[in-house]
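In: I'd like to go over a predicted model; first the sequence, then the structure.
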Amino acid sequence: MPLSLTVLVENRSRRADLAAGRGFSCWLDDGRARVLFDTGPDGRLIDNAARLGIDLASVTHIVLSHGHYDHSGGLPALAQWYAARGLRPQLVSHPAAFAAREFRLGIGCWSRRLRRLGAPLTADEVARHFDWQPSATPVALGDGGLMFLGAVGRARFPSDEHAIGQLADGSLDRVVDDSALVWPGRNGAVVVSGCAHAGIGNVVESARALPGCARVQAVLGGFHLRSAGPLQLWRVRRYFSRLGVTAVGACHCSGWGRHWMPAQRDLSTGVRRVFD
């Protein structure tokens, strides 16, 4: 069966009845698994899903690409929504997704927290509301082919690695929990990234290492290119072109560089894409 992907929340919306938000969330359905991938910055994904005719109660898996607030912010609202219906969905993420993380401003011995960057729920709270399955290795989501990548290797494109804020011990946060989804379609794999802090090239290469995913037809989601210079954008564009990717949907944190990607198509709130 084909894979259907519907964007529930993204920075932009072309429909007045759907709320945009600085974050990302999408719904994937391949006929066997129904996956909520990321939850956006808050609970607006619930209303958007209802307006798009998507029944969140039918979810088989909730997957977090990583623990930043703009991808996990909807968890408290979802926890209440599912609890009110007596449901306890499975939630898959990297083990480090719920680490405390923040952005601090420091000069010498002086330091002040400017913003929390992590998920609004702790790991213990997540485990109370969801059937949490932490994994640093690939996880099959049902029997239809959708896979959670687990830890993304970063050796292929080391210059794409990004540090965002600090962890609780004061060390730089390399966002080791950054992950993605892959689906091995008949016409090639479909890779869906939340933010690609590990580098979109590294994300795709990790996906290609899985059985049946060496050929890639589409790469969608956040590419974390909003601060990228022309050289990095050119490198990513050349990489996609060499792979023969026929559909690109760079969105959320991809910045203006998304318009320079080959085969780029809009992936704003409410957009639906179908792949074979």
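Out: All right, it came through fine. In this text the structure is predicted, and so the values were computed from the model without any measurement. Numbers count the residues shown, from 1 in each chain.

In: Tell me the helix or strand right after the worst-scoring helix or strand of the chain on mean pLDDT.
Out: Using mean pLDDT, DSSP states H and E, strand 110-116 stands out as the lowest-scoring helix or strand of the chain, at a mean of 73. Going down the chain from strand 110-116, the next helix or strand is helix 123-129, by DSSP states H and E.

In: Could you list the buried residues of that following helix?
Out: 123, 125-126, 129 (16 or more other C-beta atoms under 10 Å). No exception for glycine: its C-beta is placed from N, CA and C like everyone else's.

In: What's the mean pLDDT across the longest helix seen in the chain?
Out: Ranked by residue count and defined by DSSP state H, the top helix of the chain is helix 230-243. Mean per-residue pLDDT for helix 230-243: 94.

In: Residues in contact with it: which ones?
Out: The set of residues external to helix 230-243 that reach it, using C-beta atoms under 8 Å, 6 or more residues apart in numbering, is 157, 159-160, 200-201, 204, 216, 219, 223, 225, 228, 248, 257, 260-263.

In: Out of these, which end up buried?
Out: Buried among the contacts of helix 230-243 (16+ other C-beta under 10 Å): 157, 160, 200-201, 204, 216, 219, 223, 225, 228, 248, 257, 260-262.

In: quick one: which of those sit in strands?
Out: Cross-referencing the buried ones among the contacts of helix 230-243 against strands under DSSP state E gives 216, 219, 248.

In: isn't the first one right up against residue 203?
Out: No: in this structure residue 216 lies outside contact range of residue 203 using C-beta atoms under 8 Å: 10.8 Å.

In: Report the set of residues contacting both of the two.
Out: Joint contacts of residue 216 and residue 203 (C-beta under 8 Å, 6+ apart) are residue 191.

In: Just the buried positions in the longest helix of the chain, please.
Out: Applying 16+ other C-beta under 10 Å to helix 230-243 flags 232-233, 236-237, 239-240, 243 as buried.

In: go on, stretch 22-41?
Out: 23-30, 33-41.

In: hmm, back to that, which member of the buried residues of helix 123-129 is positioned nearest residue 169?
Out: Nearest to residue 169 among those, counting by C-beta to C-beta, is residue 123 at 16.2 Å.

In: Now the residue positioned nearest the centre of the chain: closest residue in space that isn't a chain neighbour?
Out: Nearest to the mean C-alpha position of the chain, by C-alpha atoms, centre = their mean, lies residue 194 at 1.9 Å. Take residue 194 and drop its neighbours on the chain: the residue closest to it by C-beta to C-beta, 6 or more residues apart in numbering is residue 65, 2.4 Å away.

In: Near the one you found, how many other residues are there?
Out: Residue 65 has 31 neighbours, counted by other C-beta atoms under 10 Å.

In: Over to the one 3 residues further on?
Out: For residue 68, the tally of surrounding residues (other C-beta under 10 Å) stands at 28.

In: for it, what are its contacts?
Out: Neighbouring residues of residue 68 by C-beta under 8 Å, 6+ apart: 101, 117-119, 164, 175, 195.

In: repeat for residue 183
Out: 3, 28, 30, 145-147, 189-190, 192, 275.

In: For the closest residue to it other than its chain neighbours, pull up the helix or strand it's in.
Out: In space, residue 183 comes closest to residue 190 once its chain neighbours are excluded; the distance is 4.5 Å by C-beta to C-beta, 6+ apart. Following DSSP H and E, one finds residue 190 within strand 188-193.

In: just checking, what packs against that strand?
Out: Judged by 3 or more C-beta pairs under 8 Å, 6 or more residues apart in numbering; DSSP states H and E, strand 188-193 is in contact with strand 3-9, strand 180-185, helix 200-208, strand 216-222.
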